[in-house]
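J.: here is my input, please return the structure:
(chains A and B)
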2 protein chains.
Amino acid sequence: MLDRTDSPRPLPADAALRARAASVIPGGLWGHMNAARMPADFPQFFSGAEGCRIRDADGNEYVDFMCAYGPMALGYRDPEVEAAAAAALAKGEVGNGPSPVLVDLAELLVDTIPHADWAMFQKNGTDATTACVTIARAGTGRRKILVARGSYHGAVPWCTPSLAGVTAEDRAHLVEFDYNDVATLRAAAEAAGADFAGLIVSAFRHDARKKQEMPTPEFARAARAVCDAAGAALIIDDVRAGFRLHVGGSWEPYGVRPDLSAWSKAIANGWPLAAVTGNDRFREAATQIFVTGSFWCGAAAMAAALVSIRRYRETDAIPHMAAMGERLRAGIAAQAAAHGVALSQTGPAQMPMVLFDDDEDLAKGFCFVSAALQRGVYLHPWHNMFLSAAHRPEDIDFALEATDAALAEVARRFG
Amino acid sequence: MLDRTDSPRPLPADAALRARAASVIPGGLWGHMNAARMPADFPQFFSGAEGCRIRDADGNEYVDFMCAYGPMALGYRDPEVEAAAAAALAKGEVGNGPSPVLVDLAELLVDTIPHADWAMFQKNGTDATTACVTIARAGTGRRKILVARGSYHGAVPWCTPSLAGVTAEDRAHLVEFDYNDVATLRAAAEAAGADFAGLIVSAFRHDARKKQEMPTPEFARAARAVCDAAGAALIIDDVRAGFRLHVGGSWEPYGVRPDLSAWSKAIANGWPLAAVTGNDRFREAATQIFVTGSFWCGAAAMAAALVSIRRYRETDAIPHMAAMGERLRAGIAAQAAAHGVALSQTGPAQMPMVLFDDDEDLAKGFCFVSAALQRGVYLHPWHNMFLSAAHRPEDIDFALEATDAALAEVARRFG
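T.: Down below sits the predicted model:
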């Protein structure tokens, strides 16, 4: 972890909260939001959010390019989404069965997502990816699941990036291939042979600390083809990218439709929800597995999803995110050239990754995002970022003032 | 499934919703809230809830003894809980890190639960039980997990009751024993041997369709002893019973403290939240595993939990639930005797199970709950039920009028 000792930026409330958290939460925080993964001057705790802005516990405000790591896609506290959720809450969030909104939402997904004949709902992206794998196995009576090396599909033993507490058996039936590499994909399918149940693949290659890659059309078609040849299920993990690239599913532009898809993150603009959509071939299998959760039928998140998905369908939300991402990307590219800083900008513009050349230890990346943070812009040094429909051109231009200064700082320090 | 053709009770709105659901949701609904598991006249969809009452999609109101299968413990739409959640929502539910309420809640759990030195939060009970097992393995460097035959610990492949889509490897390191049977428990520990990582055990034996059993003191002490002898983790699955028996953990009355506990259901009175609490021995292991979820840091559910747990601690909520359960139990016992109907009432009074003697096919149970339902009382024929702090004596007495008529019906039909 790099500490920017040259520019102390006091966050006394954050520091006090971190000290308290250190004693009652292992490591201060679990998982992807642990600020120990960020430069030391990044805040851990947040006390407010609105539109595309977040406010830390010390009252500093930032234009946010993480969107809560994806869920926020229409703006924090979007009035229409919040009103729908509040109306659901006013009737009663949970009962001994779902609210009618469950049916409305399942119908909307089936109407919106071309491959979907049905939907089921959960709370975590991991719930959805795990259910897809289980349905694929139940439907085929087979065991092997093809996964791309290094892809993230969730945080339970079969897929979590840390091997602590994981047994070899948890991953006994995974067969790896390399994303966008048709030869290794075919080899994996061959290795799985008659036991090939399914292939789970991220909407695009959004591995941390690596240049992002859109799937090649050849790869996407080969994924469908190896599944078809074997009678296996093609599962798209659209948890992270879903509703930011194409409302009907991220591989729609390739003309490749999965049998099963996992959704979460942006599905309800911040309300906790996940979904599995599937085609009729796997409907019966979906009834055979037993998956459930105490809160999976909660109405508020479904009401929020209903509004959110309609907005993704019926407004320019998705192209707007892309346009704002392009504006940011073009600005950074021009600035980097002007400052003589070599960097890559990869991934879809609305889910951008900025990585510096020759920066194995992320020293340049940390310098860049810290300098931007101090100018009121929250960027990430090694994880894909997220644009939203709430980012306006003036927010991007504000961010570009910060990135210009930050790139000057990188140039000054790293030459 | 029994169909009560003798007493048609039209639920046209429910029927219309079910017809729509049948086409867009596999089997009409997944999991424990699927009304196909209930008599045919039970509603699937609910449009409102308040206090201890729920309203189905056709506008029929019921005094509810399922409490959304546990989450509701202070009353649906409890004003204080809802106000706290709303205040959190008004600031912003999610950001790039948690709200300060995370720290308040972790401190409250550590202060409330004697075994707890730390806490982590999730969304599903299954998230919590799975994290406990993973932490036990990470902390011991071993693999074997002891589980009671037939106990429910969640709905992912390692523990779900259906074997569809589950591989043998998902359960390769489970070693079974019988609940409340010290001999089989010791045999399981011996079988696990040097690979004994942990023992996960429900707060009490609350298996579906079976008489419930509180743990015997000998069993609870033996569970602690076999773990201590082996250096394994004792994990209490308090997901279902937590905050209804003892606010400090369900085995506190036995003087037996776990290393790790899983919580969910009632923790936030219906808001989606789960927690793992642990002692310092497993703190480091908890930092080594990677568990996370997009919505695990959401503030509203934590704000709701803060209020809920304070209420469980500081008010008579728990003894009140127990007293209302005793009132119901005593009334049903007297009615059953008067009608000459043989039944058992087992489990803690605030989580009661009513099963009829000689009722393998649940014909009597279905008859009983259907007759009660038609009189405005929602009971369950084969799953433990739940009382809440919102049940008043007059609600119990209203329910007892229904159960009296329902038991008369059972006597009439089954002699």
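
J.: helix or strand: which one has the most centrally placed residue in chain A?
T.: By Cα atoms, centre = their mean, chain A has its centre lying nearest to residue A:240, at 2.4 Å. Assigned by DSSP states H and E, residue A:240 belongs to neither a helix nor a strand.

J.: contacting residues around it?
T.: Residue A:240 is in contact with A:70, A:125, A:152, A:202, A:203, A:206, A:265, A:351, A:384, counting by Cβ atoms under 8 Å, 6 or more residues apart in numbering or on different chains. Any C-beta I mention is one placed from the backbone N, CA and C, and that applies to glycine too.

J.: restrict those to contacts with chain B.
T.: For chain B, the contacts drawn from the contacts of residue A:240 by Cβ under 8 Å from any Cβ of the partner chain are A:70, A:125, A:265.

J.: where does the residue lying closest to residue A:115 once chain neighbours are set aside land in three-state SS?
T.: In space, and not counting its chain neighbours, residue A:115 is closest to residue A:257: 4.0 Å by Cβ to Cβ, 6 or more residues apart in numbering or on different chains. Under DSSP: H, G, I helix; E, B strand; the rest coil, the three-state class of residue A:257 is coil.

J.: ok, for the closest residue to chain B within the stretch 1-150 of chain A, nearest residue in space, not its chain neighbours?
T.: Across the stretch 1-150 of chain A, the shortest distance to chain B (Cβ to the nearest Cβ) belongs to residue A:31, at 2.6 Å. By the measure of Cβ to Cβ, 6+ apart, the closest residue to residue A:31 outside its immediate chain neighbours is residue B:292, 2.6 Å from it.

J.: got it, and residue A:315?
T.: Among residues not flanking residue A:315 along the chain, residue A:389 sits closest, at 7.4 Å (Cβ to Cβ, 6+ apart).

J.: burial of the one you found, as a residue count?
T.: Residue A:389 has 25 neighbours, counted by other Cβ atoms under 10 Å in any protein chain shown.

J.: next one: the one 4 residues further on
T.: Residue neighbour count, defined by other Cβ under 10 Å, stands at 10 for residue A:393.

J.: swap in the one 10 residues further on?
T.: Using other Cβ under 10 Å as the criterion, residue A:403 is surrounded by 24 other residues.

J.: list the contacts of it.
T.: Contact analysis of residue A:403 by Cβ under 8 Å, 6+ apart lists A:331, A:332, A:335, A:368, A:372, A:377, A:379.

J.: mind running it again at 10 Å?
T.: Going by Cβ atoms under 10 Å, 6 or more residues apart in numbering or on different chains, residue A:403 touches A:328, A:331-332, A:335-336, A:354, A:368-369, A:371-372, A:375, A:377, A:379, A:396, A:410.

J.: what of residue A:288?
T.: A:134, A:135, A:138, A:139, B:26, B:27, B:162, B:163, B:164, B:165.

J.: and for residue A:226?
T.: Contacts of residue A:226 (Cβ under 10 Å, 6+ apart): A:146, A:177, A:182, A:185-186, A:188-190, A:192, A:196, A:199, A:232, A:234.

J.: and if you look at residue A:291?
T.: A:120, A:122, A:127-128, A:130-131, A:134-135, A:276, B:30-31, B:126, B:154-157, B:160, B:162, B:165.

J.: list the buried residues of the host helix or strand of residue A:332.
T.: Residue A:332 belongs to helix A:317-339 when assigned by DSSP H and E. Buried residues in helix A:317-339, counted by 16 or more other Cβ atoms under 10 Å in any protein chain shown: A:317-318, A:320-329, A:331-332, A:335-336, A:339.

J.: same question, stretch A:221-232
T.: For stretch A:221-232, burial by neighbour count (16+ other Cβ under 10 Å) applies to A:221, A:222, A:223, A:224, A:225, A:226, A:227, A:230, A:232.

J.: okay if I get these as TSV plus pLDDT, secondary structure and distance to residue A:309?
T.: Below are the buried residues of stretch A:221-232 laid out as TSV (pLDDT from 0 to 100; DSSP: H, G, I helix; E, B strand; the rest coil; distance: Cβ to Cβ, whole Å):
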residue	pLDDT	secondary structure	distance to residue A:309
A:221	98	helix	27
A:222	98	helix	30
A:223	98	helix	25
A:224	98	helix	25
A:225	98	helix	30
A:226	98	helix	31
A:227	98	helix	27
A:230	98	helix	32
A:232	98	coil	29
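
J.: want to throw these into JSON lines with distance to residue B:249?
T.: Listed next are the buried residues of stretch A:221-232 as JSON lines, based on distance: Cβ to Cβ, whole Å:
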{"residue": "A:221", "distance to residue B:249": "54"}
{"residue": "A:222", "distance to residue B:249": "53"}
{"residue": "A:223", "distance to residue B:249": "48"}
{"residue": "A:224", "distance to residue B:249": "50"}
{"residue": "A:225", "distance to residue B:249": "54"}
{"residue": "A:226", "distance to residue B:249": "50"}
{"residue": "A:227", "distance to residue B:249": "47"}
{"residue": "A:230", "distance to residue B:249": "49"}
{"residue": "A:232", "distance to residue B:249": "45"}
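
J.: noted, bye for now.
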